[in-house]
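Trainee: sequence first, predicted model second:
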Amino acid sequence: DSGVTQTPKHLITATGQRVTLRCSPRSGDLSVYWYQQSLDQGLQFLIQYYNGEERAKGNILERFSAQQFPDLHSELNLSSLELGDSALYFCASSGLGGDTQYFGPGTRLTVL
Amino acid sequence: GESVGLHLPTLSVQEGDNSIINCAYSNSASDYFIWYKQESGKGPQFIIDIRSNMDKRQGQRVTVLLNKTVKHLSLQIAATQPGDSAVYFCAETGSNSGYALNFGKGTSLLVTP
């Protein structure tokens, strides 16, 4: 158990819909990273937050957004969902930049 | 663009043998390298890491070697066990990317009895 929690574990929805994925980092970790894992693209970095502020952006679509709250949990919002958004979404947390990132169990999103 | 790649997509070894998984990276600015293990249905699990000021680092049954000259990283697993069967990913990062991880495609390790 990494100490990172993610909910829900599974999510099934329809095209055009909007969903919210939630992540709670390990106790004491200030950084949260979001990654998408798909069969054709592998594991790809989406976005990073540090202590409530956006720190780095990767290949994140404009339809996707995220935020980190004062209690340090983070949410990833996916809107106008398309079939191609079906993937595993992981969050990871670390203390400071350059510290080891520990991953949560992921949310499996299926868009029908 | 910069990329991290793995030489072999699949590796099959016998229980008790040593396993070596290789990884090439191309971003010379990377200064931190990590190996993760991912079992089916689970998130990536940290195995071992190495900073760019080191050539070798050992853990329990695992060793990571870093060759900065040829931008090559390897993971050695001693006395491979059936529980080691999983997909292994190398990842590289650095301060220039905000320490976001750039993952390779992954190598599937299958340990046969």
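Mentor: Perfect, I can see it now. Numbers count the residues shown, from 1 in each chain, chains lettered A, B, ... in the order given.
Trainee: so who does residue B:35 touch?
Mentor: B:21, B:47, B:48, B:49, B:62, B:64, B:73, B:75, B:88, B:89, B:90, B:91 (CB atoms under 8 Å, 6 or more residues apart in numbering or on different chains). C-beta coordinates here come from the backbone N, C-alpha and C atoms, glycine included.
Trainee: can you give me the strands in chain A?
Mentor: A:5-7, A:10-13, A:19-24, A:31-38, A:42-50, A:53-57, A:64-68, A:74-78, A:87-94, A:102-103, A:107-111 (DSSP state E).
Trainee: just give the strands next to the shortest one in its sheet, each with its orientation.
Mentor: Applying DSSP bridges, strand A:102-103 is found paired with strand A:87-94 (antiparallel).
Trainee: then the third one?
Mentor: According to DSSP bridges, strand A:19-24 forms sheet pairs with strand A:5-7 (antiparallel), strand A:74-78 (antiparallel).
Trainee: Validate this expectation: residue B:16 resides in a strand.
Mentor: No. Counting by DSSP: H, G, I helix; E, B strand; the rest coil, residue B:16 is located in no strand; its state is coil.
Trainee: any idea how many residues pack against residue A:88?
Mentor: 18 (other CB atoms under 10 Å in any protein chain shown).
Trainee: how about it, what does it touch?
Mentor: Counting by CB under 8 Å, 6+ apart, residue A:88 touches A:36, A:37, A:38, A:106, A:107, A:108, A:109.
Trainee: closest residue of chain A to chain B?
Mentor: Of all residues in chain A, residue A:56 sits closest to chain B, with a separation of 3.2 Å (CB to the nearest CB).
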